[in-house]
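[1] Could you look at this predicted model? Sequence included:
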Amino acid sequence: MNHGPGRAPDRLTCLPVDGVGEVRDGDDLAALLSSAVDLADGDVLVVTSKVVSKAEGRVLQSKREEALADETDRTVARRGRTSIVRTHHGLVMAAAGIDASNTDAGTVVLLPRDPDASARRLREALATRLGRNVAVLVTDTAGRAWRTGQTDIAIGAAGIDPLHDYAGRTDPHGNELAVTLPAVADELAAAADLVKRKLDRRPAAVVRGLAGLVLAAGEHGPGASALVRGEDQDMFGLGSREAVLSALQADDPRGFGAACSPVELVAQLSALATGPAVVRVEDDVVVARLAGTEREQGTDDARLRAAGFALGWRVDPAPEDRSLRFRPSTP
């Protein structure tokens, strides 16, 4: 049963989990955690991805840079040695979430292969072992594009809806809420990190007081993958420098999101043309007919191709009449 957003709790308690010790490949993580903490029905168990990965054998004898390529779907931004990438999970993180801390020298820890599946397995194992109905979050640390510092986020979830949709509800002033969608799983991950800390060897914490959010036994919810914004809706799929380079190279449309409307494309291309040009919609194709001097046409050809690509449109093979014919790309 989806309890959904309701009255805020009067009290919320975050309890650190001590005594788990070093986790190795093949360890029974449910057994280690259940022996270290007394769980109650309705608890939310928040576990760092690192111990989940260690138990699942996601530790490599490698340098971070060497492992990065296999964990990367595409690069979002790069500054010096820092790479922000989109992983195969859809997560956008520095170095694909690969961690070289709190692991043996010369090794790195990769993210779990399927964090939602990891959360579900752990929840089911705890229910079998303890007979308790708890939610499980698998978390990792991530930066924010517009703010300095990092916070923990949920990359795996089971037994809880990671998002609470308030759309259609009204506030105390009678205003209808339209886009209010709290990322509850991320809020819980950040709250739990306040008691886990980074240097205290506490791989888990329990958030108590939110039993109304925990789904019925056997009902896992959509998982933390519901928090991943689809590439077609991503307005910031590339860094500013990378967006310019990618548009000029016309190499991969995914970082630019869904195609803009034909009307917007016509307006943008018309404004960018340096020489005489006629841009209009013809049978679902946006056609830009270039005129002026040969130099003006060459400049406009390059400018409009790059702009069209950045706006989610591809150019058909060049016709002989110096026109550009744009069709929507599919990110």
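    Received, thanks. Residues are numbered from 1 along each chain as shown.
[2] For stretch 311-328, which outside residues touch it?
    Applying Cβ atoms under 8 Å, 6 or more residues apart in numbering, the set of residues contacting stretch 311-328 from outside is 253, 256-260, 264-265, 268-269, 284-291, 297, 301, 304-305, 308-309, 329, 331. All C-beta atoms are positioned from the backbone trio N, CA, C, and that covers glycine.
[3] And for stretch 57-71?
    With Cβ under 8 Å, 6+ apart as the test, stretch 57-71 has contacts from 25-26, 53, 83, 85, 87-88, 95-98, 100, 103-104, 106-113.
[4] ok, 10 Å please
    23-27, 49-50, 52-53, 75, 81, 83, 85, 87-89, 93, 95-100, 103-104, 106-113, 118 (Cβ atoms under 10 Å, 6 or more residues apart in numbering).
[5] among those residues, which ones are buried?
    When the contacts of stretch 57-71 are checked for burial by 16 or more other Cβ atoms under 10 Å, the buried set is 23, 27, 49-50, 52-53, 75, 83, 85, 87, 89, 93, 95-100, 103, 108-112, 118.
[6] In helices only, show me these.
    Counting by DSSP state H, the part of these found in helices is 49, 50, 52, 53, 118.
[7] so what's the fourth one up against?
    Think residue 53. Remark: with contacts taken as Cβ under 10 Å, 6+ apart, residue 53 is in contact with 23, 25, 59, 97, 99, 103, 108-113, 115, 118, 138, 140.
[8] tally of neighbours for residue 91?
    Using other Cβ atoms under 10 Å, residue 91 has 21 other residues around it.
[9] again with residue 308
    As a burial measure, the neighbour count of residue 308 was computed by other Cβ under 10 Å and equals 27.
[10] what does residue 175 give?
    Close neighbours of residue 175, defined as other Cβ under 10 Å, add up to 9.
[11] Next: residue 302.
    For residue 302, the tally of surrounding residues (other Cβ under 10 Å) stands at 11.
[12] For residue 15, see how far away it is.
    In this view, residue 302 and residue 15 are 60 Å apart by Cβ to Cβ, to the nearest Å.
[13] when you check the contacts of stretch 57-71 against the strands, which ones overlap?
    Within these, residues falling in strands by DSSP state E are 75, 83, 85, 87, 93, 107, 108, 109.
[14] show me the contacts for the second one.
    Taking Cβ under 10 Å, 6+ apart as the contact definition, residue 83 lies against 64, 65, 68, 72, 75, 76, 77, 93, 94, 95, 96.
[15] Please enumerate the helices of the stretch 51-200 of the chain.
    Across the stretch 51-200 of the chain, reading from the start of the chain, the helices by DSSP state H, counting those that start in this stretch fall at 64-71, 115-130, 184-196.
[16] What is the longest strand anywhere in the chain packed up against?
    Determined from DSSP E, the single longest strand within the chain is strand 147-158. Based on contacts counted as 3 or more Cβ pairs under 10 Å, 6 or more residues apart in numbering; DSSP states H and E, the elements that strand 147-158 packs against are strand 44-48, helix 49-55, strand 92-94, helix 115-130, strand 135-144, helix 184-196.
[17] hang on, the earlier thing: ok, so of the contacts of residue 53, who is nearest residue 274?
    residue 97 (44.1 Å; Cβ to Cβ).
[18] I figured the closest one hits residue 86, correct?
    No. With contacts counted by Cβ atoms under 10 Å, residue 97 stays clear of residue 86, the gap being 11.1 Å.
[19] Any idea which residue is closest to the centre of this structure?
    For the chain, the residue nearest the mean C-alpha position is residue 91 (3.4 Å; Cα atoms, centre = their mean).
[20] so what's that one up against?
    Residue 91 makes contacts with 73, 85, 97, 111, 115, 140, 142, 153, 155, 224-225, 227-228, as judged by Cβ under 10 Å, 6+ apart.
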